[in-house]
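Peer 1: Quick check, what structure comes out for this input:
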Amino acid sequence: MHAQYTPERSIFKRSQATHRANPQDPAQRIELAHTDSDADAWLEPALSDFISLASSVCGTPMGMFSQLHADIGLQHPYLSVNNGRGDARNQWWRFPGQTGVLRHAVDFSLCELAARTPGQVTEVSDLAGDLRFATSALARGNPAVRFYAGVPLVSGNGDLLGTLCVMDRAPRTLTPAQREAFQKLARQLEAQIDSHRAMQKLEQQTLTDALTGIGNRRSFDSRLREEWTRHLRNARPLTMLMVDVDYFKQYNDTYGHPAGDALLVQLARVLRSPLRASDFLARYGGDEFSLILPDTDETGALQVSERIRQAVARVRWPHTDIEISLGAATVTPSEMCDFSALLHAADQAMYQRKHGRNPRNA
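Peer 2: Numbering: from 1, shown residues only. The predicted model follows:
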């Protein structure tokens, strides 16, 4: 590991104000996971329509979709806070007069009960009269629910996706026709979420490096354009790191290509360890890796570089210790350049670190 290369000041200037967030802070990790993404824009309109239909066929003023334990096909999963930790459970509500849905986690106890009976409608006609739920947040708080009905949604491979629910502020029961229609709607939503998950899985396979499991060159190019647009829109610094394994060809020649592949897989895990949720790691090609660090100035880039150096040094590598060359480039909002110039600067920085020193035996 060598001193960080700083690009020419005529192109990239040192930022004085912005510092990198601490990835060990749980609150920051949770906040960073609330990343807006066009790829997730399908969810809330679909939920709004299904919840509205469920409320209409059941004659209730309120409806809700509760995500319980499984991934429901979001590129940037939402995290709520439960007992001080990030939790993948969420709820999307629709109230009278509302045109969309409101994401707000209130109470999961009834949905957890409904999830125990897949394919059936779970009804509680009056929460106030049920000792299990009379003191629940749904019954005692806002919106003061009295009636609850929920149907579990289960994916084709058996994952519990969540529950589709309807509620009322007055005690009541559903008619047999309402229960049947409610179940049919739940199955349709179940199929739509399952289909989206399958399509996303296929898309993810085209964006993932088959060897290391991290992003490939295609996903790197896409993410760099996305982060560059965000950098311009939000006027925040953006840093790129390029990492290369020194003498990797000699390592392959000496220990064989399977050993070289195993080395790259292990290095990908090591490089990922000091990153935040908003950072992005990809295999750029061969033994070269790229890291995109949003909202990170040169001070933050030095911190990440040092964490990577320490992480690589701590690992007991098979056969022999390795060294890496790392180049970094940072652009601030006041500078005039494009993302290709940032990429070129980081690549040149790595090249200078790799070749601008005395060679050693591998």
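Peer 1: Secondary structure class of residue 326, three-state.
Peer 2: strand (DSSP: H, G, I helix; E, B strand; the rest coil).
Peer 1: Please name the nearest non-neighbouring residue to it.
Peer 2: Distances taken as Cβ to Cβ, 6 or more residues apart in numbering place residue 243 nearest to residue 326, at 5.1 Å, with adjacent residues excluded. Where C-beta positions appear, they are placed from N, C-alpha and C, glycine not excepted.
Peer 1: which SSE is that neighbour in?
Peer 2: Following DSSP states H and E, one finds residue 243 within strand 238-245.
Peer 1: quick one: low-confidence ranges for the stretch 151-300 of the chain?
Peer 2: The model of the stretch 151-300 of the chain has no residue with pLDDT under 70.
Peer 1: now the strands: where do they sit in it?
Peer 2: Taking DSSP state E, counting those that start in this stretch, the strands of the stretch 151-300 of the chain run over residues 160-168, 238-245, 280-285, 288-294.
Peer 1: Run the angle between the second one and strand 288-294 for me.
Peer 2: For the pair strand 238-245 and strand 288-294, the angle between their directions (axes from the mean of the first three to the mean of the last three Cα atoms, to 10 degrees) equals 160 degrees.
Peer 1: and residue 206, how many neighbours does it have?
Peer 2: 9 (other Cβ atoms under 10 Å).
Peer 1: Identify the residues contacting it.
Peer 2: Residues in contact with residue 206 (Cβ atoms under 8 Å, 6 or more residues apart in numbering) are residue 218.
Peer 1: same question, the one 5 residues further on
Peer 2: Contacts of residue 211 were listed using Cβ under 8 Å, 6+ apart, and they are 261, 264, 265, 283.
Peer 1: For the residues you listed, which PyMOL command selects only the ones that are buried?
Peer 2: Applied in PyMOL, the following selects the buried portion of these according to 16 or more other Cβ atoms under 10 Å:
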select buried, resi 264+283
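Peer 1: List the buried residues in stretch 190-205.
Peer 2: Buried residues in stretch 190-205 (16+ other Cβ under 10 Å): 190, 192, 193, 194, 196, 197, 200.
Peer 1: sorry, back to before: max pairwise distance over the contacts of residue 211: which two?
Peer 2: Spatial extent of the contacts of residue 211 (Cβ to Cβ) is set by the pair 261 and 283 at 11.5 Å.
Peer 1: Just the ones of the buried residues of stretch 190-205 in helices?
Peer 2: Of the buried residues of stretch 190-205, the ones assigned to helices by DSSP state H are 190, 192, 193, 194, 196, 197, 200.
Peer 1: For the fourth one, give me its contacts.
Peer 2: Yep, that's residue 194 we're talking about. Residue 194 touches 155, 156, 161, counting by Cβ under 8 Å, 6+ apart.
Peer 1: Now for those, which sits with the most neighbours around it?
Peer 2: Among these, the one with the most neighbours (other Cβ under 10 Å) is residue 161, at 24 neighbours.
Peer 1: now the spatially closest residue to it that is not a sequence neighbour: how far from residue 265?
Peer 2: Nearest non-adjacent residue to residue 161, counting by Cβ to Cβ, 6+ apart: residue 153, 4.2 Å away. Using Cβ to Cβ, to the nearest Å, residue 153 is found at 35 Å from residue 265.
Peer 1: Residue 293 now?
Peer 2: For residue 293, the distance to residue 265 - Cβ to Cβ - is 22 Å.
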